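> let's see this in three dimensions:
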Amino acid sequence: MKLVGIAIALAAVVALGALGGCANESRNDSIRAANKGAEAYGKKEIETAISNYKRAVELWPDNHEAWYGLGGSYAEKKDWTNAADAISHAVQLVPDQAMYQLLYGRILYEKAVRTAQEEEGRKENKKPEEVVPDLTSVNFEKPLQQLQEAVKLNNELWRAHYYIGRIYRDTGRAKEAAEELTRTLQAAPTDPGPWVALAELYRQWDYTDQAIQIAEAGTAVVPGITEKADIWFEVGMGYDDKRLYDKAIDAYTKSLEAKRDKHTAKFQRGQAYYRKNDYGNAKRDLEEFSKTGGVSVQFEKQQAAKMLVDIAAKSVVPGSTPVEQPKSPEDVVKKGKGRGKRGR
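Numbers count the residues shown, from 1 in each chain. This is a model prediction of the structure:
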């Protein structure tokens, strides 16, 4: 019996060794699959990346780096539901990794915004991309929690501060938003988003000079040409607010050079030409905008139509001038919000 006991013990040791070998093999295969996923992601082959990352976590469910890569890959597709599920596994496995918390918070934020767009789109019978939902009532508690945890772990993560700033902005906490966005810009990010966000915020407060200063600084920091389209647009809007139409037109032109389908820049440039009585260029821009702008710029199309009618009337009666200059969407907003702020 003693010999049988020894034999069983030896067999158990051999079996455990074999199981350990299988476990190590699965882990190594998982790491190799994750490396292939990372390589595909770097080449923007997102579907291939997803396939490899999924294989990696199947082989070794504790491969947190693979879960992180899978979440990032789904985020590239704007598949926020699958992205959130994947990155949540990475966070659960390694909760003290700041980058995991950052990505989780960002994905949850984007998911919440997308849900709001879809709900508003159903109400208006439009595509989600064609509506601008009211985000003030959206519950951003969970993404804010993850992002705050990220900066707690690493306060140098400018993108975490950026998304915290966006949440504060979306929920009407303007002062906190400005603080977070300012902290973001101290890192001189090459992403145009933070520069645009803070410039927009300053313009809403009627701090036009500061808005222009921020946006122009962004054009010097952000590399590339296409990436600067939205920043140049903000520069133009700032000069438009100051009635410096030549400078506004120059900025809008740079925005359009960076991104030819920046339809709002075409509208704003046409309106700036109109306001400086350059009706030939105004007519060209406004007509082109009216033909190309989508449903999301319906209000601007109505304004363009009014200006074109005025221009047509002027061409019939030489020497006359348009009776009233139509208000831009920005002017309409400021009439309702901005005037009272100066008296505070």
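
> list the residues that contact residue 57.
Neighbouring residues of residue 57 by Cβ atoms under 8 Å, 6 or more residues apart in numbering: 30, 63, 66-67, 70, 89. For the C-beta atoms, the positions are set from N, CA and C on the backbone; glycine is no exception.

> now residue 99
With Cβ under 8 Å, 6+ apart, residue 99 has these contacts: 68, 150, 157.

> what pLDDT does the model give the first one?
Just to be clear, that refers to residue 68. You'll see residue 68 listed with a pLDDT of 98.

> likewise the last one?
We have a pLDDT of 98 for residue 157.

> list the contacts of it.
If you count contacts by Cβ under 8 Å, 6+ apart, residue 157 has them with 98-99, 102, 150-151.

> from the residues you listed, which single one is nearest residue 80?
Distance to residue 80 across the contacts of residue 157 (Cβ to Cβ) is lowest for residue 102, with 15.3 Å.

> I'd like to know how far that closest one sits from residue 173.
Using Cβ to Cβ, to the nearest Å, residue 102 is found at 20 Å from residue 173.

> please apply the same query to residue 269.
Distance of residue 269 to residue 173, computed by Cβ to Cβ: 33 Å.

> and these two? Which one has more around it.
residue 269 (29 against 14; other Cβ atoms under 10 Å).

> so that one sits against residue 250, correct?
No - contact criterion Cβ atoms under 8 Å: residue 269 and residue 250 do not qualify, at 9.5 Å.

> shared neighbours, these two?
residue 236.

> separation between residue 207 and residue 186?
According to Cβ to Cβ, residue 207 and residue 186 sit 18 Å apart.

> go on, residue 197?
Distance from residue 197 to residue 186, counting by Cβ to Cβ: 14 Å.

> these two - which one has more neighbours?
Between residue 197 and residue 186, counted using other Cβ under 10 Å, residue 197 has the larger neighbour count: 23 against 10.

> which among the contacts of residue 99 gets closest to residue 85?
Distances from residue 85 to those, taken by Cβ to Cβ, are shortest for residue 68, at 12.6 Å.

> just give the closest residue to that closest one, not the sequence neighbours.
Nearest residue to residue 68, sequence neighbours excluded (Cβ to Cβ, 6 or more residues apart in numbering): residue 90, at 4.3 Å.

> the one you found against residue 101, yeah?
No - in this structure, residue 90 is not within contact of residue 101 by Cβ under 8 Å, at 9.5 Å.

> would you turn the contacts of residue 99 into TSV with distance to residue 128 and secondary structure?
Compiled in TSV, those are given as follows (distance: Cβ to Cβ, whole Å; DSSP: H, G, I helix; E, B strand; the rest coil):
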residue	distance to residue 128	secondary structure
68	27	helix
150	27	helix
157	29	coil
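
> now render those residues as TSV, adding distance to residue 94.
Putting these into TSV (distance: Cβ to Cβ, whole Å) gives the following:
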residue	distance to residue 94
68	9
150	13
157	16
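
> sec struct for residue 224, please.
coil (DSSP: H, G, I helix; E, B strand; the rest coil).

> how about the nearest residue to residue 83, chain neighbours excluded?
Nearest residue to residue 83, sequence neighbours excluded (Cβ to Cβ, 6+ apart): residue 74, at 3.6 Å.

> could you list the low-confidence segments of the protein?
Filtered on pLDDT under 70, the chain yields the residue ranges 1-22, 293-295, 317-344.

> if we use 90, what do you get?
Applying pLDDT under 90 to the chain picks out residues 1-24, 124, 126, 129-132, 292-299, 314-344.

> center of it, which residue is that?
In the chain, the residue lying closest to the centroid (Cα atoms, centre = their mean) is residue 193, at 6.4 Å.

> wait, that one touches residue 162, no?
Yes - the pair residue 193 / residue 162 is scored as a contact, 6.6 Å apart, by Cβ under 8 Å.

> cool, thanks, signing off.
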